[in-house]
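K.L.:
model the structure of this input:
(one chain, ligands or ions: 1)
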Amino acid sequence: MPDPAAVNSMFGRIARRYDLANRLLSGGIDLWWRYRLVRAVKKQKPETITDLATGSGDVAFALCKALPPETEITGMDFCQPMLDQAEKKKQAKEAATYAKISFFLGDAMAIPLPDNSTDAVTISFGLRNIADRNQALCEMHRILKKEGGRLFVLEFSQPYPWFRPFYFFYLKHILPSIAALCTGDKSAYDYLCGSIEEFPNRNAISLEIQAAGFSKTQAIPLMLGSVALHIADV
Ligand SMILES: C[S@@+](CC[C@H](N)C(=O)[O-])C[C@H]1O[C@@H](n2cnc3c(N)ncnc32)[C@H](O)[C@@H]1O
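P.N.:
Reported below is the predicted structural model:
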């Protein structure tokens, strides 16, 4: 179980180089994964969206660009330096389009929002880093509207068996070195690789989502199963 203080401090250390590291380490494919999430959210036509563990805000910005202008989007994270990056990016973007996004500090295990208050909850590459997943998933269920509320989780998963040796070779032997060059913090990426390797597969995560009260869960494998998009109704 990740230690929240250590996770917070680690993201604080890499916040300034987080986006660059993402693009380099995934070869830009991370943009496609987030696009798949946004496309699924768009189909739901939500009026209010809460993006948890928003980090530097990429999902919030992509949602804002893709959804109608009246959609209210809030991005929440417990790491202030990551939110600072999100705010900085927001200031640099076209004010009229992105003004409707608000970023705020908060813990996904105790979300500072009322019950039944949001149509969609999104969380991209955040669930893996949360100390108590069940607690966080129950919180997501609590804040979602009981009429039509929907959860979207984008997260690393366990790849198809034949792809595992190549994937884990890259994760263990190549990725940390590129990350060290890019962020100057190899230990952060050693942690991230370990957390990806230990993370449960799609079926186990679907069961965890159901255990938190969600129904109609589906898990869509992306990139040979190494990433999954989970969608669940309240
Ligand atoms: C890998 S980043 C993902 C950022 C962003 N969603 C993305 O797709 O790039 C994980 C984020 O989870 C946040 N996080 C981890 N535990 C959290 C918690 N309990 N509450 C809120 N945010 C948390 C970290 O601060 C970090 O910004």
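
K.L.:
got the contact list for L52?
P.N.:
76-77, 108, 111, 121-123, 126, 136, 140 (C-beta atoms under 8 Å, 6 or more residues apart in numbering). Yep, even glycine has a C-beta here, placed from its N, CA and C like the rest.

K.L.:
ok, which of these also contact the ligand?
P.N.:
77, 108, 126 (C-beta under 6 Å from any ligand atom).

K.L.:
count of neighbours near the second one?
P.N.:
Look at A108: counted by other C-beta atoms under 10 Å, it has 26 neighbours.

K.L.:
isn't it up against D132?
P.N.:
No. Assessed by C-beta atoms under 8 Å, A108 is found out of contact with D132, at 9.4 Å.

K.L.:
ok, the closest residue to V234 other than its chain neighbours to the ligand distance?
P.N.:
Spatial nearest neighbour of V234, chain neighbours left out: G149 (4.0 Å); criterion: C-beta to C-beta, 6 or more residues apart in numbering. Separation of G149 from the ligand (C-beta to the nearest ligand atom, to the nearest Å) stands at 19 Å.

K.L.:
just confirm G149 contacts T118, I think it does.
P.N.:
Yes. Using C-beta under 8 Å, G149 makes contact with T118 at a distance of 7.1 Å.

K.L.:
what about the longest helix in the protein?
P.N.:
Ranked by residue count, the top helix of the chain under DSSP state H comes out as helix 29-44.

K.L.:
about what we covered before: can you get me a residue count around the residue nearest to V234?
P.N.:
So G149, with other C-beta under 10 Å, has 23 neighbours.

K.L.:
in three-state terms, label V153 for me.
P.N.:
strand (DSSP: H, G, I helix; E, B strand; the rest coil).

K.L.:
so it touches I130, yeah?
P.N.:
No. Between V153 and I130 there is no contact under C-beta under 8 Å: 10.9 Å.

K.L.:
comparing those two, which residue is more hemmed in?
P.N.:
A direct count of neighbours by other C-beta under 10 Å for V153 and I130 places V153 higher, at 27 against 23.

K.L.:
mind listing what the spatially closest residue to that one that is not a sequence neighbour touches?
P.N.:
For V153, ignoring the flanking residues on the chain, the nearest one in space by C-beta to C-beta, 6+ apart is H230 at 4.1 Å. Going by C-beta under 8 Å, 6+ apart, H230 touches 151-155, 202, 205-206, 209, 217-220.

K.L.:
switch to 7 Å and redo it
P.N.:
Neighbouring residues of H230 by C-beta atoms under 7 Å, 6 or more residues apart in numbering: 153, 205-206, 209, 217, 219.
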